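> Predicted structure and sequence below. I'll ask about it afterward.
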Amino acid sequence: MHLLNRASFAILISLVFTAAAVAQPLRGRVEARTTTHPTMGHTVSFNIYLPEGYDSSTQRYPVIFHLHGIGGNQGGVQNTVVPRAFEAARSSGIIGPVIIVFPNGYTDAWWANSANSYKPAESDVINALIPHVDGTFRTFASRDSRVIEGFSMGGFGATKFYTKFPDLFACCVEYDGALATWQTMQTAHASLAAEIFNNDVNVYNQYSAWYWTGASAATLRQHPPIRMVVGQLVGGNRQFRDHLTTLQWPADYVETTCGHDIGCLMTAQGQQSAAFIASHIQLGCAADFNHDGATDFFDYLDFVAAFSSNTAAADFNADTVIDFFDYLDYVASFSTSC
């Protein structure tokens, strides 16, 4: 009998995690949607997860933009394992309900606007999807409630979006990001270095967190750190972690036993990432307890109901204890309104 080597065992375990996540039905739903780019005119495809209760409430929600890896698109296993992780965190009282947007990165655009092909992945997210999602769905349409995350190539893209557009996102999580330096891009992805970046380091720099973390270091130090959840791509992630440390903006960094697999990574660290996100987003007015965009007596009734049943949402002062101080703090917040 042959024993599995460590790499094979890690792959097997990650497949088991992924299969288990996919097997669980979602309580929310994922829809395929399109919009039209407001200036370029092309169709922008995306999938969107709407949480359980979306249709029957007037509540507003924070938005997670999740970017896929190379070879992918807006669909696939991410549409199940990512929402499943957030649903599990919601059930555990770690985070409230969220909307999750899955953009299309044109298979291999590295979440850039390609120099030599029609793959405007960055513009699709910034100029088309963010305004369309905020204008079409019940979101908190502000930086404080908008999160960027991604896997593999999507990790490269998520760190770029967060560091290039710090006024648009509250925080960033990358899962086993393919954090390729320009040298790595030229050697490991030579054809894409030519197609996407025109074999020009200056073009590459416009779409790389390696550049933007340095160019915007003073600003970024005022923002939450990047959370890095690492699987197989240890070398590049450690290098980027050390780069951030030298900039005096150390990452929230964790290595796992997962392979390069989003299902395993979400199973291993999804709830911890949800807690990280929850600690860095703000849901509009604190007194708007039911998140419907209005502060009124229904918020007070909903808080009292949560407080009476000792649910996690009633921990208004976030001290991990639900007690009369939460009630007093909520009443004070309600009295001052927004």
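All right, it came through fine. Residues are numbered from 1 along each chain as shown.
> tally of neighbours for Leu67?
Neighbourhood size, Leu67 [other C-beta atoms under 10 Å]: 31. C-beta here means a position set from N, CA and C on the backbone, and glycine is covered the same way.
> got it, and the one 5 residues further on?
Residues contacting Gly72 under the criterion other C-beta under 10 Å number 21.
> Would you confirm that it contacts Gly105?
Yes: contact criterion C-beta atoms under 8 Å: Gly72 and Gly105 qualify, at 7.2 Å.
> hey, what's the one residue sitting closest to the centre of the chain bridged with?
The residue lying closest to the centre of the chain (C-alpha atoms, centre = their mean) is Glu149, at 3.0 Å. With DSSP bridges as the criterion, Glu149 is bridged to His66, Val173.
> any idea of the pLDDT on it?
pLDDT, Glu149: 98.
> which residues touch it?
By C-beta atoms under 8 Å, 6 or more residues apart in numbering, the contact set of Glu149 is 64-67, 158, 172-175, 273.
> and with 6 Å instead?
Residues counted as contacts of Glu149 (C-beta atoms under 6 Å, 6 or more residues apart in numbering) are 66, 158, 173.
> Output the residues you listed in TSV; the columns should cover pLDDT and distance to Asn198.
Shown next, in TSV, are these (pLDDT from 0 to 100; distance: C-beta to C-beta, whole Å):
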residue	pLDDT	distance to Asn198
His66	98	28
Ala158	98	23
Val173	98	30
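> now, which of those sits nearest Asn290?
Proximity of these to Asn290 (C-beta to C-beta) peaks at His66, which lies at 25.8 Å.
> The closest one: neighbour count?
Counted with other C-beta under 10 Å, His66 comes out at 26.
> separation between it and Thr257?
For His66, the distance to Thr257 equals 22 Å [C-beta to C-beta, to the nearest Å].
> next one: Gln74
Noted for Gln74: a distance of 29 Å to Thr257, by C-beta to C-beta.
> buried sites along the helix or strand where Ala85 lies?
Using DSSP states H and E, Ala85 falls within helix 78-91. Residues of helix 78-91 classed as buried by neighbour count (16 or more other C-beta atoms under 10 Å): 78-90.
> helices or strands up against it?
helix 6-23, helix 262-280 (3 or more C-beta pairs under 6 Å, 6 or more residues apart in numbering; DSSP states H and E).
> Downstream of it, the next helix or strand is which one?
strand 99-103.
> which residues are contacting the helix holding Ala85?
21-22, 24, 26-27, 30, 47, 49, 66, 68, 95, 97-98, 100, 262-263, 266, 270-271, 274.
> any idea of the angle it forms with helix 262-280?
50 degrees (axes from the mean of the first three to the mean of the last three C-alpha atoms, to 10 degrees).
> ok so, going back, more neighbours, Gln74 and Thr257?
Gln74 (23 against 12).
> Surely the more buried one is in contact with Thr107?
No: using C-beta atoms under 6 Å, Gln74 is not in contact with Thr107; the gap is 10.9 Å.
> Can you give the contact residues for stretch 43-50?
28-35, 37, 74-75, 79, 83, 100-104, 124, 128-129.
> So Met228 belongs to a strand, correct?
Yes: judged by DSSP: H, G, I helix; E, B strand; the rest coil, Met228 forms part of a strand.
> sec struct for Gly259, please.
Here Gly259 is coil, with the state taken from three-state DSSP.
> okay, now it: neighbour count?
Neighbour tally, Gly259, other C-beta under 10 Å: 21.
> one step back: now the weakest link among the helices and strands packed on helix 78-91, please, by mean pLDDT.
helix 6-23 (a mean of 48).
> Going C-terminal from it, what's the next secondary structure element?
strand 29-36.
> Which positions within that following strand qualify as buried?
30, 33, 35.
> and it, what's its mean pLDDT?
Strand 29-36 comes out at a mean pLDDT of 98.
> okay, the angle between it and helix 78-91?
120 degrees.
> who does strand 29-36 pair up with?
strand 43-50 (antiparallel).
> List the buried residues of the strand it pairs with.
Neighbour-count burial for strand 43-50, counted by 16+ other C-beta under 10 Å, picks out 44-50.
> For those residues, please prepare JSON lines with the additional fields pLDDT and distance to His189.
Listed next are these as JSON lines, based on pLDDT from 0 to 100; distance: C-beta to C-beta, whole Å:
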{"residue": "Val44", "pLDDT": "98", "distance to His189": "24"}
{"residue": "Ser45", "pLDDT": "98", "distance to His189": "24"}
{"residue": "Phe46", "pLDDT": "98", "distance to His189": "25"}
{"residue": "Asn47", "pLDDT": "98", "distance to His189": "26"}
{"residue": "Ile48", "pLDDT": "98", "distance to His189": "29"}
{"residue": "Tyr49", "pLDDT": "98", "distance to His189": "30"}
{"residue": "Leu50", "pLDDT": "98", "distance to His189": "35"}
